[in-house]
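Q: Quick one, fold the following:
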Amino acid sequence: MTSSDPDVPSKPANAPANPWVQGASTEEQLAAFEAWFESCPFAVVAFSGGVDSSLVAYLAHRFLGERALAAMSIAPSLKRDDLSEGEQFCQQYGIAMSKEETEELLNPNYVSNPTNRCYYCKHTLYTRLDSIAAERAPAWILNGTNTDDFGDHRPGLDAASQFEVRSPLAELGLDKAAVRALAAALELPCHDKPASPCLSSRIPYGQSVTREKLGQIEAGEMFLKEKGFPVSRVRHYGEKALIEVPSTDVMRLLPLQAEVRARFIELGFAHIEIDLEGFVSGKLNRVL
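A: Numbers count the residues shown, from 1 in each chain. I've put the predicted structure just below:
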(Lines give C-alpha, C1' and ligand atoms only; values in the text may rest on other atoms or scores of the structure.)
Protein backbone atom coordinates (compact mmCIF):
# COMPACT_ATOMS: atom_id res chain seq x y z
CA MET A 1 0.00 0.00 0.00
CA THR A 2 1.22 3.48 -0.74
CA SER A 3 0.62 6.61 1.28
CA SER A 4 -1.23 9.63 -0.06
CA ASP A 5 -3.05 12.72 1.12
CA PRO A 6 -6.71 11.69 1.61
CA ASP A 7 -7.87 15.25 0.94
CA VAL A 8 -6.66 15.20 -2.66
CA PRO A 9 -7.96 12.33 -4.79
CA SER A 10 -5.40 11.11 -7.28
CA LYS A 11 -5.89 9.56 -10.68
CA PRO A 12 -4.65 5.95 -10.75
CA ALA A 13 -1.62 5.60 -13.00
CA ASN A 14 -3.21 2.61 -14.73
CA ALA A 15 -6.10 4.50 -16.34
CA PRO A 16 -6.91 4.79 -19.13
CA ALA A 17 -4.53 2.52 -21.02
CA ASN A 18 -6.50 1.60 -24.15
CA PRO A 19 -8.92 4.41 -25.08
CA TRP A 20 -9.54 2.83 -28.50
CA VAL A 21 -11.89 0.35 -26.82
CA GLN A 22 -14.37 3.21 -26.30
CA GLY A 23 -15.54 3.09 -29.91
CA ALA A 24 -14.91 -0.58 -30.64
CA SER A 25 -17.58 -3.15 -31.43
CA THR A 26 -19.02 -5.32 -28.68
CA GLU A 27 -16.97 -8.29 -29.92
CA GLU A 28 -13.78 -6.23 -29.92
CA GLN A 29 -14.51 -4.89 -26.45
CA LEU A 30 -15.12 -8.37 -25.09
CA ALA A 31 -11.89 -9.58 -26.68
CA ALA A 32 -10.03 -6.70 -25.01
CA PHE A 33 -11.54 -7.56 -21.63
CA GLU A 34 -10.75 -11.23 -22.11
CA ALA A 35 -7.12 -10.32 -22.72
CA TRP A 36 -7.16 -8.01 -19.69
CA PHE A 37 -8.47 -10.76 -17.41
CA GLU A 38 -5.93 -13.32 -18.68
CA SER A 39 -3.35 -12.06 -16.20
CA CYS A 40 -5.80 -11.78 -13.29
CA PRO A 41 -5.31 -14.72 -10.90
CA PHE A 42 -8.44 -14.07 -8.82
CA ALA A 43 -10.82 -11.09 -8.80
CA VAL A 44 -12.43 -9.63 -5.69
CA VAL A 45 -14.89 -7.10 -7.13
CA ALA A 46 -16.07 -4.16 -5.04
CA PHE A 47 -19.72 -4.65 -5.95
CA SER A 48 -22.43 -2.08 -5.26
CA GLY A 49 -25.20 -3.28 -7.58
CA GLY A 50 -24.80 -0.28 -9.89
CA VAL A 51 -24.21 -0.69 -13.61
CA ASP A 52 -20.43 -0.12 -13.44
CA SER A 53 -19.55 -2.67 -10.78
CA SER A 54 -22.22 -5.07 -12.09
CA LEU A 55 -20.54 -5.05 -15.50
CA VAL A 56 -17.15 -5.71 -13.90
CA ALA A 57 -18.59 -8.54 -11.79
CA TYR A 58 -20.23 -10.04 -14.89
CA LEU A 59 -17.04 -9.82 -16.95
CA ALA A 60 -14.91 -11.22 -14.12
CA HIS A 61 -17.26 -14.20 -13.81
CA ARG A 62 -17.43 -14.62 -17.58
CA PHE A 63 -13.66 -14.81 -17.98
CA LEU A 64 -12.55 -16.20 -14.60
CA GLY A 65 -15.47 -18.37 -13.53
CA GLU A 66 -14.96 -19.55 -9.95
CA ARG A 67 -11.94 -17.27 -9.61
CA ALA A 68 -14.23 -14.25 -9.24
CA LEU A 69 -16.10 -12.96 -6.22
CA ALA A 70 -18.51 -10.00 -6.01
CA ALA A 71 -18.15 -8.51 -2.53
CA MET A 72 -20.90 -6.15 -1.44
CA SER A 73 -20.54 -3.77 1.48
CA ILE A 74 -23.52 -3.99 3.84
CA ALA A 75 -23.81 -0.70 5.69
CA PRO A 76 -26.55 1.68 6.90
CA SER A 77 -25.79 3.93 3.92
CA LEU A 78 -26.72 1.17 1.45
CA LYS A 79 -30.28 1.26 0.15
CA ARG A 80 -32.09 -2.02 0.76
CA ASP A 81 -33.30 -1.93 -2.85
CA ASP A 82 -29.70 -1.93 -4.05
CA LEU A 83 -28.88 -4.92 -1.87
CA SER A 84 -31.88 -6.86 -3.16
CA GLU A 85 -31.16 -6.02 -6.79
CA GLY A 86 -27.48 -6.88 -6.35
CA GLU A 87 -28.37 -10.28 -4.92
CA GLN A 88 -30.79 -10.95 -7.79
CA PHE A 89 -28.16 -9.97 -10.36
CA CYS A 90 -25.56 -12.34 -8.95
CA GLN A 91 -28.10 -15.16 -8.69
CA GLN A 92 -29.20 -14.62 -12.30
CA TYR A 93 -25.67 -14.99 -13.66
CA GLY A 94 -24.30 -17.48 -11.14
CA ILE A 95 -21.78 -14.99 -9.76
CA ALA A 96 -20.33 -15.84 -6.36
CA MET A 97 -21.28 -13.07 -3.93
CA SER A 98 -20.29 -12.23 -0.39
CA LYS A 99 -21.97 -9.70 1.88
CA GLU A 100 -19.41 -7.83 3.96
CA GLU A 101 -20.51 -5.96 7.08
CA THR A 102 -18.62 -2.67 7.17
CA GLU A 103 -18.63 -0.27 10.08
CA GLU A 104 -18.16 3.22 8.64
CA LEU A 105 -20.32 4.71 11.39
CA LEU A 106 -17.70 3.67 13.95
CA ASN A 107 -15.17 5.94 12.24
CA PRO A 108 -15.43 9.53 13.55
CA ASN A 109 -13.71 10.79 10.39
CA TYR A 110 -16.60 9.41 8.36
CA VAL A 111 -19.36 10.41 10.79
CA SER A 112 -18.19 14.04 10.86
CA ASN A 113 -18.92 14.13 7.11
CA PRO A 114 -15.96 16.08 5.72
CA THR A 115 -15.71 16.83 2.01
CA ASN A 116 -13.57 13.69 1.63
CA ARG A 117 -16.03 11.46 3.47
CA CYS A 118 -15.95 8.96 0.60
CA TYR A 119 -12.24 8.41 1.19
CA TYR A 120 -12.94 7.00 4.65
CA CYS A 121 -15.81 4.86 3.37
CA LYS A 122 -13.72 3.35 0.57
CA HIS A 123 -10.73 2.92 2.89
CA THR A 124 -12.92 0.84 5.20
CA LEU A 125 -14.23 -1.19 2.26
CA TYR A 126 -10.85 -1.83 0.65
CA THR A 127 -9.33 -2.80 4.01
CA ARG A 128 -11.94 -5.54 4.20
CA LEU A 129 -11.50 -6.59 0.57
CA ASP A 130 -7.73 -6.59 1.02
CA SER A 131 -8.08 -9.23 3.71
CA ILE A 132 -10.35 -11.29 1.43
CA ALA A 133 -7.81 -11.00 -1.38
CA ALA A 134 -5.03 -12.08 1.00
CA GLU A 135 -6.96 -15.27 1.79
CA ARG A 136 -7.06 -16.08 -1.93
CA ALA A 137 -3.64 -14.73 -2.86
CA PRO A 138 -2.62 -14.01 -5.47
CA ALA A 139 -5.70 -11.90 -6.11
CA TRP A 140 -6.65 -8.47 -7.40
CA ILE A 141 -9.24 -6.09 -6.00
CA LEU A 142 -11.32 -4.59 -8.81
CA ASN A 143 -13.78 -1.71 -8.88
CA GLY A 144 -16.19 -0.16 -11.38
CA THR A 145 -14.41 3.15 -11.94
CA ASN A 146 -14.85 4.49 -15.48
CA THR A 147 -13.05 7.39 -17.17
CA ASP A 148 -15.80 9.91 -16.39
CA ASP A 149 -15.12 9.42 -12.67
CA PHE A 150 -11.79 11.19 -12.99
CA GLY A 151 -13.54 14.45 -13.79
CA ASP A 152 -15.72 14.41 -10.66
CA HIS A 153 -15.11 14.91 -6.93
CA ARG A 154 -14.16 11.32 -6.04
CA PRO A 155 -12.04 11.09 -2.87
CA GLY A 156 -12.58 7.32 -2.97
CA LEU A 157 -10.17 7.15 -5.91
CA ASP A 158 -7.33 7.93 -3.55
CA ALA A 159 -8.22 4.99 -1.31
CA ALA A 160 -8.33 2.77 -4.40
CA SER A 161 -4.85 3.96 -5.33
CA GLN A 162 -3.50 3.18 -1.87
CA PHE A 163 -4.78 -0.39 -2.05
CA GLU A 164 -3.65 -0.82 -5.69
CA VAL A 165 -7.22 -1.50 -6.80
CA ARG A 166 -7.53 -2.21 -10.51
CA SER A 167 -10.20 -0.58 -12.68
CA PRO A 168 -10.76 -2.60 -15.88
CA LEU A 169 -13.40 -0.23 -17.29
CA ALA A 170 -11.16 2.81 -16.92
CA GLU A 171 -8.03 0.97 -17.98
CA LEU A 172 -9.72 0.03 -21.24
CA GLY A 173 -10.96 3.58 -21.73
CA LEU A 174 -14.72 3.23 -21.20
CA ASP A 175 -16.72 6.23 -20.05
CA LYS A 176 -20.19 6.00 -18.50
CA ALA A 177 -22.01 6.00 -21.83
CA ALA A 178 -19.80 3.21 -23.15
CA VAL A 179 -20.34 1.20 -19.98
CA ARG A 180 -24.11 1.44 -20.35
CA ALA A 181 -23.88 0.62 -24.06
CA LEU A 182 -21.83 -2.52 -23.41
CA ALA A 183 -24.14 -3.57 -20.57
CA ALA A 184 -27.12 -3.11 -22.90
CA ALA A 185 -25.41 -5.12 -25.66
CA LEU A 186 -24.89 -7.92 -23.14
CA GLU A 187 -28.55 -7.56 -22.10
CA LEU A 188 -27.67 -6.97 -18.46
CA PRO A 189 -30.86 -5.90 -16.61
CA CYS A 190 -29.00 -3.05 -14.88
CA HIS A 191 -27.89 -1.32 -18.09
CA ASP A 192 -30.38 1.53 -17.63
CA LYS A 193 -30.44 1.57 -13.83
CA PRO A 194 -30.31 5.16 -12.51
CA ALA A 195 -27.25 6.15 -10.53
CA SER A 196 -27.74 5.28 -6.87
CA PRO A 197 -25.03 6.80 -4.66
CA CYS A 198 -24.97 5.97 -0.98
CA LEU A 199 -27.53 7.55 1.32
CA SER A 200 -24.84 9.57 3.11
CA SER A 201 -24.47 11.66 -0.05
CA ARG A 202 -27.81 13.31 0.80
CA ILE A 203 -26.40 14.91 3.96
CA PRO A 204 -24.59 18.26 3.49
CA TYR A 205 -20.87 18.24 4.26
CA GLY A 206 -20.09 19.10 7.86
CA GLN A 207 -23.38 17.74 9.19
CA SER A 208 -22.93 14.43 10.97
CA VAL A 209 -23.94 11.14 9.40
CA THR A 210 -26.15 9.07 11.71
CA ARG A 211 -28.11 5.88 11.39
CA GLU A 212 -31.32 7.82 12.14
CA LYS A 213 -30.76 10.31 9.30
CA LEU A 214 -29.96 7.54 6.84
CA GLY A 215 -33.15 5.74 7.83
CA GLN A 216 -35.22 8.89 7.32
CA ILE A 217 -33.69 9.46 3.88
CA GLU A 218 -34.25 5.90 2.73
CA ALA A 219 -37.85 5.83 3.98
CA GLY A 220 -38.57 9.14 2.31
CA GLU A 221 -37.18 8.04 -1.04
CA MET A 222 -39.03 4.74 -0.79
CA PHE A 223 -42.28 6.65 -0.23
CA LEU A 224 -41.59 8.80 -3.30
CA LYS A 225 -40.85 5.68 -5.34
CA GLU A 226 -44.20 4.20 -4.30
CA LYS A 227 -45.86 7.43 -5.46
CA GLY A 228 -44.38 7.06 -8.93
CA PHE A 229 -41.03 8.82 -8.60
CA PRO A 230 -38.36 6.13 -8.98
CA VAL A 231 -35.59 8.75 -9.19
CA SER A 232 -35.48 11.11 -6.23
CA ARG A 233 -33.16 12.57 -3.62
CA VAL A 234 -34.15 13.53 -0.10
CA ARG A 235 -31.53 16.04 1.02
CA HIS A 236 -31.35 16.06 4.82
CA TYR A 237 -31.09 19.53 6.37
CA GLY A 238 -31.83 18.67 9.98
CA GLU A 239 -35.54 19.35 10.49
CA LYS A 240 -36.02 20.15 6.81
CA ALA A 241 -36.13 17.72 3.90
CA LEU A 242 -35.32 19.16 0.48
CA ILE A 243 -36.88 16.89 -2.12
CA GLU A 244 -35.50 16.56 -5.63
CA VAL A 245 -37.12 14.71 -8.51
CA PRO A 246 -36.23 15.07 -12.21
CA SER A 247 -37.26 18.47 -13.58
CA THR A 248 -39.77 16.75 -15.87
CA ASP A 249 -41.52 15.31 -12.80
CA VAL A 250 -41.65 18.39 -10.59
CA MET A 251 -45.11 19.43 -11.79
CA ARG A 252 -46.44 15.94 -11.03
CA LEU A 253 -45.09 16.13 -7.50
CA LEU A 254 -46.38 19.57 -6.55
CA PRO A 255 -50.06 18.50 -6.26
CA LEU A 256 -48.98 15.79 -3.80
CA GLN A 257 -47.33 18.21 -1.37
CA ALA A 258 -49.88 17.73 1.41
CA GLU A 259 -49.58 13.95 1.29
CA VAL A 260 -45.80 14.13 1.08
CA ARG A 261 -45.63 16.55 4.00
CA ALA A 262 -47.79 14.31 6.18
CA ARG A 263 -45.58 11.29 5.49
CA PHE A 264 -42.34 13.20 6.04
CA ILE A 265 -43.62 14.58 9.35
CA GLU A 266 -44.17 10.96 10.38
CA LEU A 267 -40.54 10.34 9.49
CA GLY A 268 -39.40 13.10 11.82
CA PHE A 269 -39.06 16.11 9.52
CA ALA A 270 -40.71 19.38 10.56
CA HIS A 271 -40.54 20.99 7.13
CA ILE A 272 -40.37 19.89 3.51
CA GLU A 273 -39.43 21.81 0.41
CA ILE A 274 -39.61 20.69 -3.20
CA ASP A 275 -36.60 21.81 -5.22
CA LEU A 276 -38.08 23.47 -8.29
CA GLU A 277 -34.80 23.18 -10.17
CA GLY A 278 -35.22 19.43 -10.12
CA PHE A 279 -32.79 16.62 -9.47
CA VAL A 280 -29.14 17.33 -10.26
CA SER A 281 -26.60 14.63 -9.50
CA GLY A 282 -23.96 15.75 -7.01
CA LYS A 283 -25.78 18.98 -6.15
CA LEU A 284 -24.28 19.09 -2.67
CA ASN A 285 -20.81 19.24 -4.26
CA ARG A 286 -21.55 22.75 -5.51
CA VAL A 287 -20.25 24.11 -2.21
CA LEU A 288 -16.82 22.85 -3.25
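
Q: Let me see the ranges of the strands in the stretch 151-288 of the chain.
A: Secondary structure of the stretch 151-288 of the chain (DSSP state E, counting those that start in this stretch): strands at 233-237, 240-244, 271-274.

Q: got TSV for these, with mean neighbour count and distance to residue 53 too?
A: Placement of C-beta: from N, CA and C, glycine included. Converted to TSV, these look like this (neighbours: other CB atoms under 10 Å; distance: least, CB to CB, whole Å):
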stretch	mean neighbour count	distance to residue 53
strand 233-237	21	21
strand 240-244	21	24
strand 271-274	16	32
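
Q: I'd like these as TSV, with mean pLDDT and distance to residue 254 appended.
A: TSV is the format used below for the strands of the stretch 151-288 of the chain (pLDDT from 0 to 100; distance: least, CB to CB, whole Å):
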stretch	mean pLDDT	distance to residue 254
strand 233-237	97	16
strand 240-244	98	11
strand 271-274	97	6
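
Q: In a markdown table, list the ones you listed along with distance to residue 187.
A: Output for the strands of the stretch 151-288 of the chain, formatted as a markdown table (distance: least, CB to CB, whole Å):
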| stretch | distance to residue 187 |
| --- | --- |
| strand 233-237 | 29 |
| strand 240-244 | 31 |
| strand 271-274 | 37 |
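
Q: Any idea which of those strands gets closest to residue 155?
A: Among these, strand 233-237 comes nearest to residue 155, with 19.7 Å by CB to CB.

Q: now the angle between strand 240-244 and that closest one, please.
A: Put simply, strand 233-237 runs at 160 degrees to strand 240-244, going by axes from the mean of the first three to the mean of the last three CA atoms, to 10 degrees.

Q: Go ahead and confirm residue 229 touches residue 249.
A: Yes: assessed by CB atoms under 8 Å, residue 229 is found in contact with residue 249 at 5.9 Å.

Q: between the two, which one's more packed in?
A: Shown here are residue 229 and residue 249; by other CB atoms under 10 Å, residue 229 has more neighbours (21 against 18).

Q: helix/strand/coil for residue 72?
A: Three-state assignment for residue 72 (DSSP: H, G, I helix; E, B strand; the rest coil): strand.

Q: tell me, how many neighbours does the closest residue in space to it that isn't next to it in sequence end up with?
A: Nearest residue to residue 72, sequence neighbours excluded (CB to CB, 6 or more residues apart in numbering): residue 47, at 4.8 Å. Using other CB under 10 Å, the number of residues around residue 47 comes to 29.

Q: from what I can see residue 47 touches residue 70, true?
A: Yes: the criterion here is CB under 8 Å, and residue 47 meets it with residue 70 at 3.8 Å.

Q: show me the contacts for the nearest residue to residue 42 once chain neighbours are set aside.
A: Nearest in space to residue 42, with sequence neighbours left out and distances taken as CB to CB, 6+ apart, is residue 139 at 3.7 Å. In this structure, residue 139 makes contact with 41-44, 132-133, judged by CB atoms under 8 Å, 6 or more residues apart in numbering.

Q: No further queries at this time; thank you.
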